[in-house]
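**Student:** Predicted structure and sequence below. I'll ask about it afterward.
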Amino acid sequence: MTLTENAVERINEIIEDSERPVTGVRVGVRNAGCAGMAYTLDYVAEPVAGDDHVEQDGVHVYVEPKATMFLLGTIMDFEQSKMSSGFTFKNPNQTGACGCGESVQLKPADLKAIAEARAV
C-alpha cells in the first residue's frame, strides 16, 4: 500500500488534532453492503501485533492481516469536494462496486502477477 501526498497530509492532521494519543491509522476490510466488502479505517494509539506496517513520509499505516491480500498494490488517497471528503482507495484488486458507493467487490491479489511485474 502506498499513500498520496494528500493522504499523508490528512493523516498528519488527524494525529495533530486528536485529543488522545494517535500514532497512525489502521486499514482493513469487513463484510458489508450489496457488493460484499467495505474498507475500514480506525485510529491507532498502539500498533496491534500481527498488523502489516507501512511507513511513508513519517506517517504510519497499519493493515489488518485479513485485509493484506485484498490491499496489495492499493493507493490510499484523500479527496475533498464541495459535497464530501474522505479517504479513497485505488485498488487493483477491486472487481466491482455497488451503485451507492458503500461497498466494493474485492479479490485476493495475484501474487504470481506481482512477482512477474517486479522481475521486469
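**Tutor:** Good, I have the coordinates.

**Student:** From here on, just use CA atoms for contacts and neighbour counts.
**Tutor:** Will do.

**Student:** Now do the helices in this structure.
**Tutor:** With helices called from DSSP state H, the chain shows them at 5-17, 68-71, 111-119.

**Student:** And these: which comes nearest residue 28?
**Tutor:** Residue 28 lies closest to helix 68-71 among the helices of the chain, at 8.0 Å (C-alpha to C-alpha).

**Student:** Would you check how far apart the closest residue to residue 85 other than its chain neighbours and residue 48 are?
**Tutor:** Of all residues not flanking residue 85 in the chain, residue 79 sits nearest, at 5.6 Å (C-alpha to C-alpha, 6 or more residues apart in numbering). Distance, residue 79 to residue 48, by C-alpha to C-alpha, to the nearest Å: 27 Å.

**Student:** pLDDT score for the spatially most central residue of the chain?
**Tutor:** Central residue of the chain (C-alpha atoms, centre = their mean): residue 27, 4.7 Å from the mean position. Here, the pLDDT recorded for residue 27 equals 95.

**Student:** doesn't residue 38 make contact with it?
**Tutor:** No - Residue 27 lies out of contact with residue 38 (C-alpha atoms under 8 Å); the separation is 10.7 Å.

**Student:** so who does the residue nearest to residue 25 when sequence neighbours are not counted touch?
**Tutor:** Excluding the flanking residues, the one nearest residue 25 by C-alpha to C-alpha, 6+ apart is residue 43, at 4.6 Å. Residues in contact with residue 43 (C-alpha atoms under 8 Å, 6 or more residues apart in numbering) are 22, 23, 24, 25, 26.

**Student:** List just the nearest of those to residue 97.
**Tutor:** residue 26 (22.0 Å).

**Student:** Please name the residues that touch the closest residue to that closest one other than its chain neighbours.
**Tutor:** With sequence-adjacent residues excluded and distances taken as C-alpha to C-alpha, 6+ apart, residue 26 is closest to residue 62, at 4.5 Å. By C-alpha under 8 Å, 6+ apart, the contact list for residue 62 reads 24, 25, 26, 27, 47, 51, 52, 53, 54.

**Student:** what do you get if the cut-off is 7 Å, keeping everything else the same?
**Tutor:** Going by C-alpha atoms under 7 Å, 6 or more residues apart in numbering, residue 62 touches 25, 26, 27, 51, 52, 53, 54.
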